[in-house]
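# please find the sequence and the predicted model below.
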Amino acid sequence: MNDTATATKPSGNGLVGLIPVGIALLLFGWFLSLAPAVADGQRLRFVWEWVPSLGISLSFLLDGLSLTFALLISGIGAMVLLYSNTYLAGHPQFSRFALFLTSFMLAMLGLVLADNLIGLFVFWELTTITSYLLIGFGHDTEKGRRSALQALFVTGAGALALLAGFILLGTSMGTFELSEILARADELKAHALYLPILILILAGTFTKSAQFPFHFWLPNAMAAPTPVSAFLHSATMVKAGVYLMARLHPGMSGTDVWFWTLTIAGAFTAVFASVLALRQTDLKQALAYTTLMALGTLTLFLGQTSGYAMTAFATFLIVHSLYKAALFLVVGCIDHSTGTREADVLGGLGRVMPVTAFGAALAALSMAGFPPFLGFIGKELKYAGILAIGSEPFLFASALLLANALMFAVAGIVALRPFWQKTGEPLPRTPHEAPWPMLIGPVLLAVLGALFGVNPDLLQVSLVDPTVKSLLGSIEDAKELKLWAGVNMPLILSIATVALGTALYLGHKRLRPALGRLVEAAPNFDRGWDRFLAALKGFASWQTRVIQPGVLRRYIFATFATVLVAIAGTMAARQAWPALPDLSDVTFQNIALVLLISAGAILTAVTSSRVAAMAALGVVGIGVAMIFIVFSAPDVAITQLLVETLVVVLVAVALLRLPLLDRDGPDRRPLDAILAGAIGLSVTLVLLAVLESPIDLRLTEYFEATSWPEAFGRNIVNVILVDFRALDTFGEVAVVVIAALSAYALLRTTHPRKDP
Amino acid sequence: MNSIILRVGTRYLCGILVLFSLYMLIRGHNEPGGGFIGGLIGSTGFVLFAIACGTADARAALKVLPQNIAMAGLGIALLAGIAAALFGDALFTGQWLFINETADDKGIPLSTVLVFDIGVYLVVFGSILSIVFAMEEEI
Amino acid sequence: MIDAISALLVFLGSAMTVAAGIGVVRLPDVFTRMHAATKVGTLGSGLIMAGAALHFADPAIVLRCVLIVFFLLLTAPIGAHMIGRAALRLGITPWSQSRNNADTSD
Amino acid sequence: MEALLAITIGILVATSVYLMLARNVLRFIFGLVLISNAANLTIFVSGRLTAGAPPLIPVGADGPVGVVANALPQALVLTAIVIGFGLFAFALVLMFRAYTTLGTLYSEDMRVAEPRTEDTK
Amino acid sequence: MNTLVANLFLAVAWMIFFNTFTWLSVLSGLAVGYAILWLIQPLTGVRSTYFKRVWYWTKLIVMFNYELIVSSIEVLWDIFTPTHRSNPAIVDMPLDVKTDAGILLVTNLISLTPGTLSIDVSPDRKTLKLHVMFADDPDAVCRSLKHGMERWVIDAVEDRE
Amino acid sequence: MTWTLATPLVLPFLTAVLAFLTRASGVGRWFSVAGNAVLLAAAVLLLARVLNQQVIAAQMGNWAAPFGITLVADYLSAVMVVITAITALAVSVYALTDIDNRKEHLGYHALFNILIGGVIGAFLTGDLFNLYVWFEVMLISSFGLLVLGGKKEQIDGGIKYVTLNLISTILFLSGIGLLYGITGTLNMADIARSLPEVENQGLVTVIAMMFMVAFGVKAAVFPLFFWLPASYHTPAFSVSAVFAGLLTKVGVYALIRMFTLVFDADIGFTHTVLLWIAALTMITGVLGAAAQNDIRKILSFHIVSQIGYMIMGLALFTPLAMAGAVFYLVHHIVVKANLFLIAGVAERTAGSTDLNRIGGLYKSAPLLAILFFVPAFSLAGFPPLSGFWAKYVLVAAALEDSAWIIAAVALLVGLLTIFSMTKIWAEAFWKPHPDGLEPDLTTLSPKAKRHLLLPIAGLAIMTLVIGFYPEPFVAFAEAAAAQLLDPTDYMTTVLGEDA
Amino acid sequence: MSMLMDTALTLGFALVFLGVGLALIRLAKGPTLPDRVVALDQMTVSIVAFCGLAAIRSQDAAFLDVALVLALVGFLATAALARFAERVVIRRAAEQEDEA
Ligand code: NA
Ligand code: NA
């Protein structure tokens, strides 16, 4: 990461840096102004026909779900943009960065607002491209490029599946308009293609939101500058997948496939990720893995249909975005001022960076799920939601408990130890408090976490309920957000979480080796990626070596083999064989001619003497000319003889510089001979078949009738050449000219001596 | 190639060939011949010249660069085709003019078709020579 | 009568042509073979052309036949001269009764 | 005769394919000349054969007297012959140039455009 | 040469007069024209070599064809007989003929008469290399050629009074 | 009317003659530019005519079809002519800098413009033998252009290109002979009319397969594409650009024309074969690209793979699929030609097209980066660029037709295409230059910059326009597809009402 | 056309073909380069004869034009080949290239 290079320049990047912030704030304000309307249950829709002939439109829908996402995206976006303006102050490529980040934000907004499958897909892919460019911000390093490609490839692969899924969905439902499709949920679930559609779409969403086993690209994506991570990996990009599942929830949820796939994948990802998170020493990596955990949890809840689950989903979605963005930004501040992110090195920053520490503390407490923070409510709801699961509630509950406890511990590692623990280790740079533009973000977000915790009603009516509504269709089942719900199962589980979490936090240093061994045992998908690439390239170059070996003979052989298959194979397949030819009309003269030609041809093929070959060619030419004479084509015969003469002349000239035909003994190639014979035979058969059918001479009759009266020529052949088919002849003389020019250019263009 | 016999022979043959090629060109529309055949025969004349006396002399005798002859021929052929536009006809529609035409005899025909054939002649002539000369100069 | 003469000419000419062929095959070395090809062959074509001229008996055609023969007579010896020259330069010594020379094969 | 010619064409094609598959590209040129002849004959015979009556209109007549050979294939073949010559001439010059620049006529040794170290690293 | 033009003119006139154009009329026209010119030679007063030249040409052509036919037999005989009774050899023959046309004519005619074949003319144009099939006595061959073929050619194409 | 059709065909040859005869003075190159500008105008005029008359035909030499040669333009032909003119204009401007005086003197402009003439002739002719002639014109001028410069690899590549294309040419010619033998005509519409009367229909299929192979070589489909990757990376950049853009497309066009108009009797057989060819072509091509490390080689193999998409459209033979093929055809010409032009600039600035020997363009030549990014990611099929719609329509057609396998292949190949494009992007643009250079466009003279970047920018803008506003293009493609699938209009226009 | 001429032609064609065939044998056998050239030359001349026969048989002088062209141009190939043979000697001296 080279983004600490400009630590001493807090100045910013002037207008280039501030315009994006302005855009984000305006959007945020606009969405905020629409919030009341949405809270009243309105669904704001806007349609622009884009490709009507394909039934593709740019239609946008603003309901609870999309509004929640829109606000998170634009709001956090504003913070992050402001933050990065200082973070990357004076960076030579800042303007590109700002451009990419802004366009990413806009693409993301388009994604969550789109109401047309294909329109949604377009924005989906736009986020893919822009995040590729953002992750590749550190393109100078091999690692940076690798991460960017990995992210693009994995999500891109998913996107293609998603596209297929969308097309199937659209074609089988007869429309690409999401709201129309979702309105016909039962029809969709009953459709024969429901399962393939579901699988394809989930392939897209799981890769995008890094569900196991597609999780590995996300931690690597931390190669991006911290603000990017904060944005992409907390609030938005990775949540695009979650968003889509949520969006389709009303249309596709409720089936067993949906339930089991999402629940298991979600739960497993959550646990798996939080174990890995505890193992990390790099603060950013730790946060990345906790993001995975969060995504897993969200997926897990989307697998359900209960009101608790949906409320939990909506709440946790917001909670997580707030504290995760805050913490990423905090880590950015630490990195920015100390030059490191190593948990074991950092310590005692509390005094030097009080504001940062404050923000970190608030966010961490929310993350750990302490009252009175929103995180606590989120956790309570999560437990409530998990317990509402129809089957195996306790299994999933305990999984969630473990995940939460681990998250608790990680919160401590990330947000407490760097500030309060004592380490003798020296820091790369003498730390200093971060400049204010970098503090607004984390502090504000953290404070929001606290405020909503104390007073959840605002959140309830403005975002949570509408979101639940767009998931379940009504707000009836939406559960209330409150800090104190009395002593109940969730509360007990919370206390258990705190206890277990504290234990894990205190013991995590000792746990790490054990976890390390555990993870080593588990399959490493990141290394798998490298193996995959190696295999792909290996296979590619193998097949290319086989197909494209660079040896002309192989190419010609393959081509002729194809010709043979095409002709003989089709003849066999379509029974186009000719009858036995009738040779009654053959005269002695004809036989002599044929023998002459064949002898010449064969002599050409077998002789090793260049002159013999040349002369034999002449013989064939003469023989063919004789055929033209016998069968009344004087013009052709003359042309043939003249051309043959010139051929011999040219070859005779060329041979003066060319070596013998056979360097190492006469070449006899039985395999080639077989192929050649087969092709010759099949050509003969085709020709015989053609000659069986009667010839239609109306063109010729027309030429004979009009040649003199209308074209004033007695030599019909010439009249055809220069009048009836003059265009042919013109093209042909063009060929002759070009052949001459090309040959001339070839001879003049270089001289072997000059050529290196 | 320093052979007196060949050189002297060529002196006559070359002339004969060119003359003969023109004859074949003109009569081509009514009897065997035409632009291709004419051009081919004409070029053989100069090919013989080049073989007998070397390309330097042959080029000198020809004066014009063969490629230019060929390309000019292409232009002429094209113009012969475009000329039809002047008479509101489609591309390559033959336009005829018969000098002192009578009832039974058409007289001397002048036509874009002939011009086209002349273009063809020049193309074939020039092209073959530019290849053969260049080739000759390589050895 | 005229027809008979031209028929005879045609036959003789063809005979000459085949004779030339035989010569080219049977004679001992390239020089002697050239004798056969150059003149016997030319003679054959000439006779056939005479036959054709007599047969058509149309000045235009006769002129053509005459030209053909004339061109043959003009070109054949030149060709022969060049071949012979090449043969000499290739170091092919003429066959003679006294010693059958081994010819340099192609 | 058409049938016999079909067989001849087959033989021409076979020999030329054999030549084109040779290691020495000069043989490809020879094969090219042969196969062009085969193609021309194919067109010619596809228009069927008529002996001893060229498609010419005698002076005084408005059309050919009696049955004459099919003129169209003749025109096409004539075109094809000339084009074939153009192709041949270029190909020959190309092989010639190949020998003078690459120093070989053997296709196996022509590995400049696609060198053996083509495998990705 | 203008005499030749006159002759041709007369021939054409002759044909127009009879309004026929057959190969007979052509030949007869030429002959008659020649005769007329020869008759009126005193009147025109030109001491043209034309008449002699025409005579020599005719003689050349006739003699050549005679030679051609006769000596062909020899070669044919040798072709068809199993044993080669020929005794070929390369013979150098000194050349007297000077003009290009003369040289070409001589060499060609020699080549065309069976038994002899002109291989090459030395760069100095002094000697002609011949291949002779029946070279039992090379000098005899040369002599006969010089007094025969070459003589006639010189008469026909080269102005030597 | 007849001249609306004839003018675009005649112009390039006129240009060629003028440019050649004036090559000694530097005027020739400007004749080329001007000529192609006029050509574009004529082409647009033609398109306009076609748009309001559906199909237009003209009888050359006033000889009625099928006796004379007919020029005919339907939607497909017309749009191909326009796109050809656009490419020609762009490349002729690019060539102002790319082609040195030596090549000009050897007749580059004549070769180039006659190549264009051949291409247009192929698109406009309604006569099979005439098509052959235009193929020859195209082929042999491409020979000349390919080896112009005479570098070793050019000669080597040239030999492979020439030999294999000659084989296809001969096959084509023989096929025409046979087709004439059974129908007695050469006019394509007339052939289409008389083929059903042939009683040995099996034979018709055999001949159809001969044409498939012949045009398959031209179009560079599996297993006939060897000549393309062996040669396209060797000539001058403007040359490989016009090759990459146009030549293979003429093969595809011919396949589409023949297998919609003429050979539509035995679809069960021919088009199944085509479908397999399409799949294998896509896969082998894209894998070939994955194995390369040179920009032009990568791009060359991608041509092959993308030809597969077009064939797929033809093979599926549904209206949507055919529309996809047409759309892909047009989009691909613009994008691919542009990528080769850009490769040229990359070489001029960074010193090579070998990915191991260049880099750093992203940092120091952002303009070039953008200009590359647009066509590259369009080729990779990212929305909202032209390539996405091309891919989308074809995949949608395949899925609608329940052709699962081909759809899967198309998507998978799309993924691997992303892989190669990002490879170029990462190596040439992102990666620091191995020699520590900071290659930027200031190394080019202002004049050179104009000549090289103007066409590139123009084509890039076209890509964006097609991408952001695809409706008219898609609608056009669908109309073209409709014409192709129901050629009665075409036939009546060519042969008169009696057809 | 008379019976007599007809038989003459039939025989003629046969004989001419025979002549060509014999030339072909020599062409294949060689042994020396000039031998092959002679054979080809002989063949060309035979075709002139062949054209004459064809002209009489078809009562059409058009074939005489073929003969005319061939008579003029035929020896060009001979000349080129002969020169090739001659040059080969010089080359052989230069680069140890053997025409064997
Ligand atoms: Na033609
Ligand atoms: Na052609």
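Nice, thanks for sending it over. Ligands and ions are numbered 1, 2, ... in the order given.

# so where's chain B uncertain?
B:1, B:100, B:102-108 (pLDDT under 70).

# centroid residue for it?
Chain B has B:Tyr121 as the residue nearest its centroid, 3.2 Å off, counting by Cα atoms, centre = their mean.

# that one touches B:Gly73, doesn't it?
Yes: counting by Cβ atoms under 8 Å, B:Tyr121 touches B:Gly73, with 6.9 Å between them. For the C-beta atoms, the positions are set from N, CA and C on the backbone; glycine is no exception.

# before we move on, back to that, which residues touch the residue nearest to the centre of chain B?
Neighbouring residues of B:Tyr121 by Cβ atoms under 8 Å, 6 or more residues apart in numbering or on different chains: B:Ser21, B:Leu25, B:Gly35, B:Phe36, B:Gly38, B:Gly39, B:Gly42, B:Gly73.

# same question for F:Trp134.
F:Trp134 touches A:Gly731, F:Gly118, F:Val119, F:Gly121, F:Ala122, F:Thr125, counting by Cβ under 8 Å, 6+ apart.

# quick one: contacts for the fourth one?
So that's F:Gly121. Here F:Gly121 is in contact with A:Gly731, F:Leu9, F:Asn130, F:Val133, F:Trp134, F:Val137 (criterion: Cβ under 8 Å, 6+ apart).

# and the second one, how many neighbours?
Other residues lying near F:Leu9 total 26 when counted by other Cβ atoms under 10 Å in any protein chain shown.

# need phi/psi at it.
Per-residue torsions, F:Leu9: phi -80, psi -40 (degrees, to the nearest 10).

# how close does it sit to chain A?
For F:Leu9, the distance to chain A equals 8 Å [Cβ to the nearest Cβ, to the nearest Å].

# repeat that for the fourth one.
When distances are taken as Cβ to the nearest Cβ, F:Val133 and chain A turn out to be 4 Å apart.

# do I have it right that that residue meets A:Ala726?
No: in this structure F:Val133 lies outside contact range of A:Ala726 using Cβ under 8 Å: 11.3 Å.

# how many neighbours does the residue nearest to A:Leu658 when sequence neighbours are not counted have?
For A:Leu658, ignoring the flanking residues on the chain, the nearest one in space by Cβ to Cβ, 6 or more residues apart in numbering or on different chains is D:Tyr99 at 5.6 Å. Other residues within reach of D:Tyr99, judged by other Cβ under 10 Å, total 20.

# for the helix or strand where D:Tyr99 lies, what is the distance to the chain centroid?
Under the criterion of DSSP states H and E, D:Tyr99 resides in helix D:71-102. Averaging C-alpha positions (Cα atoms, centre = their mean, to the nearest Å) puts helix D:71-102 8 Å from its chain's average.

# against which helices or strands is it packed?
Identification of packing neighbours for helix D:71-102 by 3 or more Cβ pairs under 8 Å, 6 or more residues apart in numbering or on different chains; DSSP states H and E yields helix A:634-655, helix A:698-706, helix A:716-719, helix A:726-749, helix B:112-138, helix D:25-46, helix F:128-147, helix F:152-183.

# ranking those by burial, who's on top?
Stretch with highest mean neighbour count among the helices and strands packed on helix D:71-102: helix A:716-719 (a mean of 31; mean count of other Cβ atoms under 10 Å in any protein chain shown).

# and that one, what does it pack against?
On a contact count with 3+ Cβ pairs under 8 Å, 6+ apart, helix A:716-719 meets helix A:634-655, helix A:698-706, helix D:71-102.

# among those, which is nearest ligand 1?
helix D:71-102 (3.6 Å; Cβ to the ion).

# are that closest one and ligand 1 in contact anywhere?
Yes: residues of helix D:71-102 contacting ligand 1 under Cβ under 5 Å from the ion: D:Thr79.

# orientation of that helix relative to helix F:128-147 in degrees?
10 degrees (axes from the mean of the first three to the mean of the last three Cα atoms, to 10 degrees).

# compute the inter-axis angle for helix D:71-102 and helix A:726-749.
Using the same axes, to 10 degrees: helix D:71-102 against helix A:726-749 is 10 degrees.

# run the angle between helix D:71-102 and helix A:634-655 for me.
0 degrees.

# does ligand 2 have contacts with helix D:71-102?
Yes: judged by Cβ under 5 Å from the ion, helix D:71-102 comes into contact with ligand 2 through D:Thr79, D:Ala80, D:Ile83.

# where in chain G is pLDDT low?
Checking chain G against pLDDT under 70 turns up G:90-100.

# chain A too?
Scanning chain A with the threshold set as pLDDT under 70 gives A:1-12, A:234-235, A:424, A:664-665, A:750-756.

# spatially nearest residue to the residue nearest in space to the middle of it (excluding sequence neighbours)?
Geometric centre of chain A, nearest residue: A:Gly156, 1.6 Å, by Cα atoms, centre = their mean. Leaving out its chain neighbours, the residue that sits closest to A:Gly156 by Cβ to Cβ, 6+ apart is F:Ile418, at 5.3 Å.

# so what does whichever strand or helix holds the one you found touch, helix or strand wise?
Here F:Ile418 sits within helix F:404-424, counting by DSSP H and E. For helix F:404-424, the elements it packs on are helix A:142-173, helix F:267-290, helix F:295-316, helix F:366-379, helix F:386-400, judged by 3+ Cβ pairs under 8 Å, 6+ apart.

# turn these into JSON lines, columns for distance to B:Gln67.
Putting the helices and strands packed on helix F:404-424 into JSON lines (distance: least, Cβ to Cβ, whole Å) gives the following:
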{"stretch": "helix A:142-173", "distance to B:Gln67": "51"}
{"stretch": "helix F:267-290", "distance to B:Gln67": "38"}
{"stretch": "helix F:295-316", "distance to B:Gln67": "30"}
{"stretch": "helix F:366-379", "distance to B:Gln67": "37"}
{"stretch": "helix F:386-400", "distance to B:Gln67": "41"}
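
# among the ones you listed, which is nearest A:Val594?
With Cβ to Cβ, the closest approach to A:Val594 among the helices and strands packed on helix F:404-424 belongs to helix F:267-290: 34.6 Å.

# neighbours of A:Ala522, how many?
A:Ala522: 11 surrounding residues under other Cβ under 10 Å.

# still on that earlier bit, can you tell me which of the contacts of F:Gly121 is nearest C:Leu27?
Using Cβ to Cβ, these come closest to C:Leu27 at F:Val133, 48.6 Å.

# quick one on the thing from earlier: separation between the residue nearest to the centre of chain A and F:Leu379?
14 Å (Cβ to Cβ, to the nearest Å).

# where does pLDDT dip in chain C?
For chain C, counting by pLDDT under 70, the residues that fall below are C:97-106.

# report the contact partners of residue 54.
In the absence of a named chain, chain A is used. A:Ile118, F:Tyr392, F:Val393, F:Ala396, F:Val474.

# try chain E instead
E:Tyr34.

# what helix or strand does it sit in?
Going by DSSP H and E, E:Val54 is part of helix E:50-80.

# buried residues, that helix. List them.
E:50, E:53-54, E:56, E:60, E:63-64, E:67-68, E:71-72, E:74-76, E:78-79 (16 or more other Cβ atoms under 10 Å in any protein chain shown).

# can you count the residues close to the residue lying closest to A:Asp672 once chain neighbours are set aside?
Excluding the flanking residues, the one nearest A:Asp672 by Cβ to Cβ, 6+ apart is D:Leu21, at 4.2 Å. Taking other Cβ under 10 Å as the criterion, the count of residues near D:Leu21 is 24.

# pick out the residue in chain C sitting closest to ligand 1.
Counting by Cβ to the ion, chain C gets nearest ligand 1 through C:Arg64, at 27.3 Å.
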